[in-house]
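**Student:** Build me a structure from this.
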Amino acid sequence: MNSFRKSLIQRLGVVALLFIGLNIYGTLGFYFIEKVNLFEAFYMSAITFTTVGYGEVFPLSTAGRVFTVSTIYIGLLVSGLSIGYLSQLILRSTFQDILKGKRVEKAAKKLQDHFIVCGYGITGQQLVEEMRQMGETIVVIDLAARAEESEEDLLFIQGDARQDAVLEKAALHRARGLASVLTEDADNVFVVLTARSLHPKIKIVSRYKNDDSLKKLKAAGADEAISPYRMGGQRLAHALTQPIPNHLLATLTKVAGSGVRFAYLQVGDQNRLRTQTVRTSEIRDRSMGALILALEDRLGNTSFNPAPDQSLKEIHKILALGDETQIEALQHYISEMELSHENGSA
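**Tutor:** Numbering: from 1, shown residues only. Next up, the predicted model:
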């Protein structure tokens with residue numbers, strides 16, 4: 001439940017209590033002053049403070065008429081206060097939406113190399129949390145206003161991620177990557193297709209539920225498609241058949257929370273690393289000790305735990321593990337080798 005709906009329900013509750021209290025006040029007043037039964041007292045009270053003008057239900061004494069006047073004025077006062085009380089919330093919410101919209105537009109103009117997350121359900125929230133821990137800038141797009149209540153400093157766009165205008169509002173053309181984690185596979189396919197048509201070079205990943213959707217997502221332009229259910233099933237199967245001892249799990253948990261992360265880095269076709277082996281490239285030393293977990297060629301063939309004498313001739317991507325400093329050093333070294341080759345060829 002978002003903050004506006006919660007506040008509206010609370011205020012409606014206060015207004016309801018005020019009218020109930022006013023009815024009780026009128027009912028008891030007529031009951032004791034005019035000595036009538038409770039139903040007649042309640043009916044007289046209701047038509048009095050609502051000012052419907054049906055006239056007196058029973059003959060009123062002077063004291064009863066004075067009480068009737070007080071009930072009318074109190075009823076008008078309560079009605080006016082209730083209208084103002086509810087209007088204040090609606091107007092405030094409207095102005096806040098306007099200000100938030102302007103804040104998003106202003107921030108979007110400054111965005112560069114950020115990531116866009118389409119969908120803020122359970123998967124989207126977990127994805128955003130993980131990426132923010134990595135220090136990345138995130139823009140969330142969702143139809144519902146769920147993100148606003150959870151993170152005040154989260155850049156959030158309420159809208160349909162399938163529409164060009166909404167993606168452009170999130171500065172898609174300057175984004176480094178986009179993740180589509182909407183509930184329905186068809187929506188994810190549409191988002192991927194739209195994003196790819198607007199930004200042909202952006203990195204796009206998507207979730208999917210049904211295996212039939214995998215080919216459609218790839219055809220639409222997704223670089224990667226991941227099924228949380230399939231991955232969850234694999235993890236559960238490993239937990240049952242190949243359980244990891246608790247002390248190792250504790251160690252892995254500490255590592256995961258200590259700033260160590262995986263990096264999947266691309267190596268250009270003209271990079272000087274491709275003329276060397278793992279040992280002669282000194283890639284481990286130059287990356288300040290990052291672990292080189294795997295090498296991948298253009299066909300997707302992966303070589304895990306590469307040997308020191310393994311050739312880097314067909315290398316296309318490197319999977320490494322290290323802390324922020326090590327990963328940055330590795331990225332810098334790969335870029336340096338690209339630059340060195342270009343300078344040497346000039």
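**Student:** Only C-alpha atoms from now on, for both contacts and neighbour counts.
**Tutor:** Will do.
**Student:** Quickly find the element holding Ile141.
**Tutor:** Taking DSSP states H and E as the definition, Ile141 sits inside strand 138-142.
**Student:** Could you do Met288 as well?
**Tutor:** Per DSSP H and E, there is no helix or strand for Met288.
**Student:** Please enumerate the helices of the stretch 1-150 of the chain.
**Tutor:** In the stretch 1-150 of the chain, the helices defined using DSSP state H, counting those that start in this stretch lie at 3-34, 38-49, 62-108, 122-133, 146-150.
**Student:** which residues does Ile24 contact?
**Tutor:** Phe42 (C-alpha atoms under 8 Å, 6 or more residues apart in numbering).
**Student:** tell me the pLDDT at it?
**Tutor:** In this prediction, Ile24 carries a pLDDT score of 92.
**Student:** Hmm, Val128 is touching Ile141, no?
**Tutor:** No: using C-alpha atoms under 8 Å, Val128 is not in contact with Ile141, being 11.4 Å away.
**Student:** Could you dump the helices of the stretch 1-150 of the chain into TSV with distance to Ser335 added?
**Tutor:** Shown next, in TSV, are the helices of the stretch 1-150 of the chain (distance: least, C-alpha to C-alpha, whole Å):
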stretch	distance to Ser335
helix 3-34	47
helix 38-49	78
helix 62-108	28
helix 122-133	24
helix 146-150	37
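**Student:** ranking the ones you listed by mean pLDDT, which is last?
**Tutor:** helix 146-150 (a mean of 50).
**Student:** tell me the phi and psi of Ser303?
**Tutor:** phi -110, psi 110 (degrees, to the nearest 10).
**Student:** so Gly177 bridges to which residues?
**Tutor:** Phe115, Lys203 (DSSP bridges).
**Student:** For it, which residues are in contact?
**Tutor:** Going by C-alpha under 8 Å, 6+ apart, Gly177 touches Asp113, His114, Phe115, Ile116, Ile202, Lys203, Ile204, Val205.
**Student:** picking up where we left off before, which residues do Val128 and Ile141 both contact?
**Tutor:** Counting by C-alpha under 8 Å, 6+ apart, the residues touching both Val128 and Ile141 are Val117.
**Student:** of the two, who's got more company?
**Tutor:** More neighbours surround Ile141 than the other of Val128 and Ile141, with 27 against 21 (other C-alpha atoms under 10 Å).
**Student:** Check the more buried one and give its pLDDT.
**Tutor:** For Ile141, the predicted pLDDT is 92.
**Student:** Can you tell me how far it is from Gln112?
**Tutor:** Note on Ile141: its distance to Gln112, by C-alpha to C-alpha, to the nearest Å, is 17 Å.
**Student:** try Ile33
**Tutor:** Taken as C-alpha to C-alpha, the span from Ile33 to Gln112 is 74 Å.
**Student:** And the helices in the stretch 151-300 of the chain?
**Tutor:** 164-169, 185-198, 212-220, 228-241, 246-256, 278-281, 283-286.
**Student:** same question for the last one, mean pLDDT?
**Tutor:** Helix 283-286 shows a mean pLDDT of 87.
**Student:** Any buried residues in that helix, and which?
**Tutor:** By neighbour count with 16 or more other C-alpha atoms under 10 Å, helix 283-286 contains the buried residues Ile283, Arg284.
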